[in-house]
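Chemist: Coordinates only, no sequence provided:
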């Protein structure tokens, strides 16, 4: 199957700083990637859709100025959490579709202290 | 948009018994219904999926059924084993769009 790689897998940052998470499709091109957030014991919730060469589209309630998404190539999308706060602590996971099947990155456990 | 409801939230079965998890969806345009197993801190792992042109699909101990008219689909695991213990999510999508996930079912298989 297709491979999607996400880094870092874990990150701890201080409140007020920014964190960048990378999502790469290793063996296929992805014009679209999705970013999800999962709080403990909850489901995966779509945050935004990353579109190669154009602006991301954000779900209702997700601050686009706080969660910056860049999809500069057909294999890389990045999510930057700016001015992180403890309530941003969560499991962030990307996925890329190939046909209708989704391929997930490993996820990033973000802890803001 | 799509809304997916999943039941039960927790399910405890004895080893060797069957487990059934049910989901309903709201968007009749949805045509792809995957099921995922997620272990703590890991990415969701696709265990089986079904498309809207099929009513049932089976893969060894796992089967999924889809009723398009009623807009519900179910996961059936037979001969459960302790290693089946995990959180299971159903999801729905249309084509290459984002998945909408159910709320999850924590399955515990008691040895």
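Modeler: Structure's in. What do you need? Remember, predicted model here, so these are calculated numbers, not experimental data.
Chemist: Quick check, pLDDT for residue B:65.
Modeler: With respect to pLDDT, residue B:65 scores 97.
Chemist: what's around it, how many residues?
Modeler: For residue B:65, the neighbour count with other Cβ atoms under 10 Å in any protein chain shown is 17. Glycine gets a C-beta too; all of them are placed from N, C-alpha and C.
Chemist: gap between it and residue A:93?
Modeler: With the distance defined as Cβ to Cβ, to the nearest Å, residue B:65 ends up 28 Å from residue A:93.
Chemist: Show me what the residue nearest to the spatial centre of chain A is bridged to.
Modeler: Chain A has residue A:35 as the residue nearest its centroid, 3.9 Å off, counting by Cα atoms, centre = their mean. Beta bridges link residue A:35 to residue A:48, residue A:94, judged by DSSP bridges.
Chemist: can you pull the contacts of it?
Modeler: A:23, A:46-50, A:67, A:69, A:77, A:79, A:92-94 (Cβ atoms under 8 Å, 6 or more residues apart in numbering or on different chains).
Chemist: Quick check, pLDDT for it.
Modeler: So, for residue A:35, pLDDT stands at 98.
Chemist: repeat for the one 5 residues further on
Modeler: Model confidence at residue A:40, given as pLDDT, is 94.
Chemist: which bits of chain A sit near chain B?
Modeler: A:32, A:34, A:42-46, A:49, A:91, A:93, A:95, A:97, A:99-102, A:104-107, A:109 (Cβ under 8 Å from any Cβ of the partner chain).
Chemist: List buried members of the residues you listed by neighbour count.
Modeler: A:32, A:34, A:43-44, A:46, A:49, A:91, A:93, A:95, A:97, A:100-102, A:104-107, A:109 (16 or more other Cβ atoms under 10 Å in any protein chain shown).
Chemist: In strands, which of the residues you listed appear?
Modeler: Among those, the members found in strands (DSSP state E) are A:32, A:34, A:46, A:49, A:91, A:93, A:95, A:97, A:101-102, A:104, A:109.
Chemist: tell me which residues in stretch B:88-100 are buried?
Modeler: B:88-94, B:96-100.
Chemist: Those residues also near chain A: which ones?
Modeler: Within the set of the buried residues of stretch B:88-100, contact with chain A (Cβ under 8 Å from any Cβ) is found for B:89, B:93, B:96-100.
Chemist: Of all pairs in the residues you listed, which one spans the longest distance?
Modeler: Among those, the pair separated by the greatest distance (Cβ to Cβ) is B:89 and B:96, at 19.1 Å.
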